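Enquirer: Below: sequence and its predicted model.
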Amino acid sequence: MTHCVEEAGEAAVLARITQALGTVLGDCVLDPGAVTMETRFVEDLDLESIDLIVLTGELHAVYGDRVDFPGYFASLELSEIADLQVGHLVRHVVESLR
């Protein structure tokens, strides 16, 4: 699977993650611009661990094995996951695609 350079930029990855969050949150409609690099998954979006698993499944469908989501989350402490910002995940995806 090949990805164009545009797909590896932070803005494009942020848009993909926001789109995936819309799927995960289902009936909760996200306002345009509501998800930023500083948005916290747990504190701001009220995601639970199962939601993060579903989110990474959605993102795996987009990025495939080029981005190791399970490895990324396994490398984090529980307190880091609880305070994880969207920007952290965006940067991980961008770095993985380089």
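Expert: Okay, I see it.

Enquirer: buried sites along stretch 41-58?
Expert: Phe41, Leu45, Leu47, Asp51, Leu52, Val54, Leu55, Thr56, Glu58 (16 or more other C-beta atoms under 10 Å). Just so you know, the C-beta spots here come from the backbone N, C-alpha and C atoms, and that holds for glycine as well.

Enquirer: Mind jotting down where the helices sit in the protein?
Expert: Shown for the chain, the helices assigned by DSSP state H span residues 10-25, 49-63, 69-74, 78-82, 86-97.

Enquirer: Just tell me which of those helices ends up closest to Thr36.
Expert: When these are ranked by distance to Thr36, counting by C-beta to C-beta, first place goes to helix 86-97 at 6.8 Å.

Enquirer: And the closest one, what does it pack against?
Expert: Applying 3 or more C-beta pairs under 8 Å, 6 or more residues apart in numbering; DSSP states H and E, we find helix 86-97 packed against helix 10-25, helix 49-63.

Enquirer: how about the ones you listed in JSON lines, adding distance to Gly33 and mean pLDDT?
Expert: Formatted as JSON lines, these follow (distance: least, C-beta to C-beta, whole Å; pLDDT from 0 to 100):
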{"stretch": "helix 10-25", "distance to Gly33": "9", "mean pLDDT": "92"}
{"stretch": "helix 49-63", "distance to Gly33": "19", "mean pLDDT": "93"}
